[in-house]
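Undergrad: Build the 3D model from these lines:
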Amino acid sequence: MTDSKMNDTPSFSDFDKSTRYFGKVKWFNNKAGYGFCTVIGDDGGDRVGEDIFAHHTGVKVDSEQYKYLVQGEYVQFTLRESDSGSHPYQAAELSGPWGGSLMCETRNEQRQQRSDREGEDGGQHDSRSTRPSRDTRGGRTVRLQGAGPREGETWTLVKDNTSRPKRGRREKQSDA
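TA: This next block holds a predicted model:
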């Protein structure tokens, strides 16, 4: 390898680990656990507009949870040397601006609060809720509609003695 090729490749010494960058998530693949953030501001202004590799291991959250970023979300981060040869450095200590919460944290908190509320009142929603009450069966959400049986009601099956053709079928007429 020649000296010119070695000088063209950014190295760990090309950036300061203490510099905080503000960025906007360009895209992030939740399943693969990586994406890119575009720098929109930094202390020196030298990296504005640059796309920085972001890996889920660089996401900083307060509690144990699934770590991800949301497209368009504003973030703050530092840089660290990359584990990959494809990118000389990557985002580290990714958090919301000024150390605030990321979308993955706020969504996780809302999900926990919702499940706590449903656990306290036996699965019934608050009477002020605008959504109809729901029941979950086998992992599917079931919306209660119509005049079917509700909790605490008993229905009785009564045999109908009138004979009428089944819906959608015509009786054959014979030519006798």
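Undergrad: Now do the buried residues in stretch 102-110.
TA: Neighbour counts over stretch 102-110 (16 or more other C-beta atoms under 10 Å) mark L102, M103, C104, E105, N108 as buried. From N, CA and C alone the C-beta is placed, and that goes for glycine too.
Undergrad: Which of these fall within helices?
TA: Those of the buried residues of stretch 102-110 mapping onto helices are M103, C104, E105, N108, per DSSP state H.
Undergrad: For the last one, which non-adjacent residue is closest in space?
TA: Yep, that's N108 we're talking about. Using C-beta to C-beta, 6 or more residues apart in numbering and skipping the chain neighbours, the partner closest in space to N108 is Q65 (4.9 Å).
Undergrad: so that neighbour touches E105, yeah?
TA: Yes. The pair Q65 / E105 is scored as a contact, 7.2 Å apart, by C-beta atoms under 8 Å.
Undergrad: just to revisit the earlier point, wait, which of the ones in helices among the buried residues of stretch 102-110 is closest to E118?
TA: N108 (16.0 Å; C-beta to C-beta).
Undergrad: continuing past the helix-or-strand element of the chain with minimal mean pLDDT, what's the next helix or strand?
TA: In the chain, the helix or strand scored least confidently by mean pLDDT, DSSP states H and E is helix 3-8, which has a mean of 43. Going down the chain from helix 3-8, the next helix or strand is strand 21-29, by DSSP states H and E.
Undergrad: name the helices or strands packed onto that following strand?
TA: strand 34-42, strand 51-55, strand 74-81 (3 or more C-beta pairs under 8 Å, 6 or more residues apart in numbering; DSSP states H and E).
Undergrad: neighbouring strands for that strand, and are they parallel or not?
TA: Here strand 21-29 is paired, per DSSP bridges, with strand 34-42 (antiparallel), strand 74-81 (antiparallel).
Undergrad: out of those, nearest to V59?
TA: If we rank the strands paired with strand 21-29 by C-beta to C-beta, the stretch that ends up nearest is strand 74-81, at 8.9 Å.
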